[in-house]
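Trainee: need a 3D model of the sequence below.
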Amino acid sequence: MKVVTSQEMKRLDELTIKTIGIPSIVLMENAGIKIVEVIEKEYSLLPEKSVYILCGPGSNGGDGMVVARHLFNRRVRVKVFLLAKKNRVKGDAATNLSIAEKLGIEIKEINSAQDLKLLRQELPHADIIVDALLGTGSTLPLRGLMREAVDLINQCSSYTMAVDLPTGLHADTGEVPGEAIKANVTVTFAYPKRGLYLYPGINYTGKIEVADIGIPSFLGEERIKCNLLTSSDIQKDLFYRKPSSHKGNFG
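Mentor: As a prediction, this is how the structure comes out:
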């Protein structure tokens, strides 16, 4: 199985958008839909649950807005907590924020210590928390409200799902230079990121689901340098032997 660095993934995104012609907002839509599919698979009786989605101002947060919309359309109780002012959200993420607002989805800005108190009161009521705060471009230790929000999430007993990778985890090295989300499941897009399988990152990911969001597979065949050996890779090269076999049969 191929695993990517953040730069390799960025290049594949660029080729998909600029060379193949698939708009970035389509990839964002596909990513959000895949997250919802995993939530539905992992959690039965979804319309009876409360899903709280924590979004950052970037593309990862835009994925979260798509998740909120599709859950809202399924009549799931959903709330969005945006760790930024709305005017900081740009591009495709801003488009999906605007759509969510027009649908009447509850979106609360978390920009101060007072807002953080609200988040502390609200989070324990969530059945599922979706971490859509930061993506593969984040490499520095978390600080301020972002770090405190991550700490609050980790204190909750709610089922936590990370979008692409847990916030606070270095996508390439698996390092956690401070605080990071401890997810029950991580839904990573197109290809898994190296850091998801390296120490200590692997302790934060939970189960890893790889979701196809429409990036053509041939783009990665020659451009991705690292392969991860999995149990399925090994099994296909093993010969079947009868339970009664012994060294006298095979030497």
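Trainee: what segments of the stretch 51-200 of the chain are strands?
Mentor: Taking DSSP state E, counting those that start in this stretch to define them, one finds strands in the stretch 51-200 of the chain at 77-82, 106-109, 128-132, 159-163, 185-189.
Trainee: burial count for A68?
Mentor: 30 (other CB atoms under 10 Å). Using the backbone N, CA and C atoms, a C-beta is placed for each residue, glycine as well.
Trainee: all numbers from here: first residue = 572
Mentor: Sure, I'll start numbering at 572, so the last one becomes A639.
Trainee: quick one: pLDDT of it?
Mentor: Note for A639: predicted pLDDT of 98.
Trainee: grab the most central residue of this protein for me.
Mentor: V734 (1.3 Å; CA atoms, centre = their mean).
Trainee: was I right to think it contacts S630?
Mentor: No. The criterion here is CB atoms under 8 Å, and V734 misses it with S630 at 9.7 Å.
Trainee: export stretch 716-730 as PDB, just CAs?
Mentor: The C-alpha trace of stretch 716-730 is given here as PDB (Å, rounded to 0.1, in the frame of the first residue of the first chain):
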ATOM      1  CA  LEU A 716      -7.500  28.200  21.700                       C
ATOM      2  CA  MET A 717      -6.700  25.400  19.300                       C
ATOM      3  CA  ARG A 718      -4.600  23.600  21.900                       C
ATOM      4  CA  GLU A 719      -7.300  24.100  24.500                       C
ATOM      5  CA  ALA A 720     -10.000  22.900  22.200                       C
ATOM      6  CA  VAL A 721      -8.100  19.700  21.400                       C
ATOM      7  CA  ASP A 722      -7.500  19.100  25.100                       C
ATOM      8  CA  LEU A 723     -11.300  19.500  25.700                       C
ATOM      9  CA  ILE A 724     -12.100  17.000  22.900                       C
ATOM     10  CA  ASN A 725      -9.600  14.500  24.400                       C
ATOM     11  CA  GLN A 726     -11.300  14.800  27.800                       C
ATOM     12  CA  CYS A 727     -14.700  13.700  26.300                       C
ATOM     13  CA  SER A 728     -15.900  10.200  26.100                       C
ATOM     14  CA  SER A 729     -17.500  10.900  22.800                       C
ATOM     15  CA  TYR A 730     -16.600   8.800  19.700                       C
END
